[in-house]
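> quick one, fold the following:
(one chain, ligands or ions: 2)
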Amino acid sequence: MAELRVLFSRGQIAARVAELARQISQDFAGEPVVLVGVLKGAAIFLGDLARQIELDTNFDFISVSSYGNEKQNSGEVKLLKDVDQSMEGKNVILVEDILDTGLTMSYLKKMILAHHPKAFRIAALLDKKCCRRQPIQADYVGYEIGDEFVVGYGMDYAEHYRNLPDICVIP
Ligand code: IMP
Ligand code: MG
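Residues are numbered from 1 along each chain as shown. Ligands and ions are numbered 1, 2, ... in the order given. I've put the predicted structure just below:
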């Protein structure tokens, strides 16, 4: 296994995720929310975020084709698993590990907006703003990072490293 450099430690991540959850709890005070996680990278983020949100919180999951075993995005998004419930009239928060080119989020946003939710927000743990190819922004961002490839805390390289507790950079 390659040498990895810690970019955000588990302690830093926990504190930041708690802040995001506090913001969400304030923004939707008194209302239920549905967290829609993008498999598999967002699973750990969603689990931690959900447990800090002080609202009636529902889960759903979506799966799209990813980079495969490449570090480059092919530019194609394919839906592998849709949500299980209608999003109509709901406060939907799409939960994603990384907003990179924005292709995935643009596709998913369009798809969910077609359900006519009451509100639609994006929570991205990491934002590679520099790499955007579609003009899309997250409403809740953990950290902005540069053009580097990260793993851990749910994120993978060729399906490895998802279970690392810290977010690390592959040199
Ligand atoms: P995009 O915004 O459509 O380019 O794709 C974002 C998706 O690519 C994210 O949900 C991640 O699954 C994956 N991705 C982008 N950058 C990285 C990275 O540095 N490490 C691991 N996965 C990444
Ligand atoms: Mg992803």
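
> so what's residue 129 up against?
By Cβ atoms under 8 Å, 6 or more residues apart in numbering, residue 129 lies in contact with residue 144. Any C-beta I mention is one placed from the backbone N, CA and C, and that applies to glycine too.

> okay, it: pLDDT?
We note a pLDDT of 93 for residue 129 in this prediction.

> phi first, then psi, for it.
The phi/psi pair for residue 129 (degrees, to the nearest 10) reads phi -60, psi -30.

> could you check how far it is from residue 100?
Distance, residue 129 to residue 100, using Cβ to Cβ, to the nearest Å: 10 Å.

> what do you get for residue 153?
According to Cβ to Cβ, residue 153 and residue 100 sit 16 Å apart.

> neighbour count winner among the two?
residue 153 (27 against 23; other Cβ atoms under 10 Å).

> so who does the closest residue to that one other than its chain neighbours touch?
The spatial neighbour of residue 153 that comes closest, neighbours along the chain excluded (Cβ to Cβ, 6 or more residues apart in numbering), is residue 167 at 5.0 Å. For residue 167, the contacting residues are 6-8, 13, 126, 150-153, 155, by Cβ under 8 Å, 6+ apart.

> residue 167 bridge partners, please.
Judged by DSSP bridges, the bridge partners of residue 167 are residue 8.

> now swap in residue 122 and tell me
The partner list for residue 122 in beta bridges (DSSP bridges) reads residue 94.

> dump the residue contacts of it.
Contacts were defined as Cβ under 8 Å, 6+ apart; by that measure residue 122 touches 93-94, 96, 99, 105, 109, 136-140.

> possible to save those as CSV with distance to ligand 1 and pLDDT?
Below are the contacts of residue 122 laid out as CSV (distance: Cβ to the nearest ligand atom, whole Å; pLDDT from 0 to 100):
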residue, distance to ligand 1, pLDDT
93, 15, 98
94, 11, 98
96, 5, 98
99, 5, 95
105, 6, 94
109, 11, 95
136, 8, 94
137, 12, 95
138, 10, 97
139, 15, 98
140, 15, 98
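
> next, format those residues as CSV and append neighbour count, secondary structure and distance to residue 84.
Listed next are the contacts of residue 122 as CSV, based on neighbours: other Cβ atoms under 10 Å; DSSP: H, G, I helix; E, B strand; the rest coil; distance: Cβ to Cβ, whole Å:
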residue, neighbour count, secondary structure, distance to residue 84
93, 26, strand, 16
94, 27, strand, 15
96, 24, strand, 18
99, 24, strand, 24
105, 23, helix, 20
109, 17, helix, 19
136, 18, coil, 24
137, 13, coil, 27
138, 21, coil, 24
139, 16, coil, 23
140, 19, strand, 23
